[in-house]
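Q: pasted the sequence and its predicted model underneath.
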Amino acid sequence: MLSDGFRCPSMVIAGEKGLPATLFANFYVDIPMGAVNVILAFLIFSVVVFTTAAFYALYRRFLVEIPETD
């Protein structure tokens, strides 16, 4: 029943009826905290780089073209 979560997502109900979500989890796969920290650091770094690049691109494209009035 481990791989049936994607076929029957409506069977997992948080209330009294249905199958508990913990039935679809594999607790035997141990993910070391070092790997989790590296993955989170990479994701945060990627978001910061993307946000900086998007701001720079928008700044160069839209804000530079505003003419100054004398």
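A: That came in fine, so what should we check first?
Q: pLDDT below threshold where in the protein?
A: By pLDDT under 70, the low-scoring segments of the chain are 1-21, 24, 62-70.
Q: and the helices in it?
A: Taking DSSP state H as the test, the helices found in the chain are 33-58.
Q: tell me how it divides into domains.
A: Using automatic domain parsing, the domains assigned to the chain come out as 1-30, 31-70.
Q: alpha carbons of stretch 31-44, in PDB - could you do that?
A: Provided in PDB are the C-alpha atoms of stretch 31-44 (Å, rounded to 0.1, in the frame of the first residue of the first chain):
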ATOM      1  CA  ILE A  31      17.400  11.000   5.400                       C
ATOM      2  CA  PRO A  32      20.400  12.500   7.200                       C
ATOM      3  CA  MET A  33      20.000  16.100   8.500                       C
ATOM      4  CA  GLY A  34      23.100  17.100   6.700                       C
ATOM      5  CA  ALA A  35      21.500  16.300   3.400                       C
ATOM      6  CA  VAL A  36      18.300  18.200   4.400                       C
ATOM      7  CA  ASN A  37      20.300  21.200   5.400                       C
ATOM      8  CA  VAL A  38      22.300  21.200   2.100                       C
ATOM      9  CA  ILE A  39      19.000  20.900   0.100                       C
ATOM     10  CA  LEU A  40      17.400  23.800   2.100                       C
ATOM     11  CA  ALA A  41      20.500  26.000   1.700                       C
ATOM     12  CA  PHE A  42      20.500  25.300  -2.100                       C
ATOM     13  CA  LEU A  43      16.800  26.200  -2.400                       C
ATOM     14  CA  ILE A  44      17.200  29.400  -0.300                       C
END
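Q: buried set for that stretch?
A: For stretch 31-44, a neighbour-count test (16 or more other CB atoms under 10 Å) marks nothing as buried. For every residue, glycine as well, the C-beta is placed using N, CA and C.
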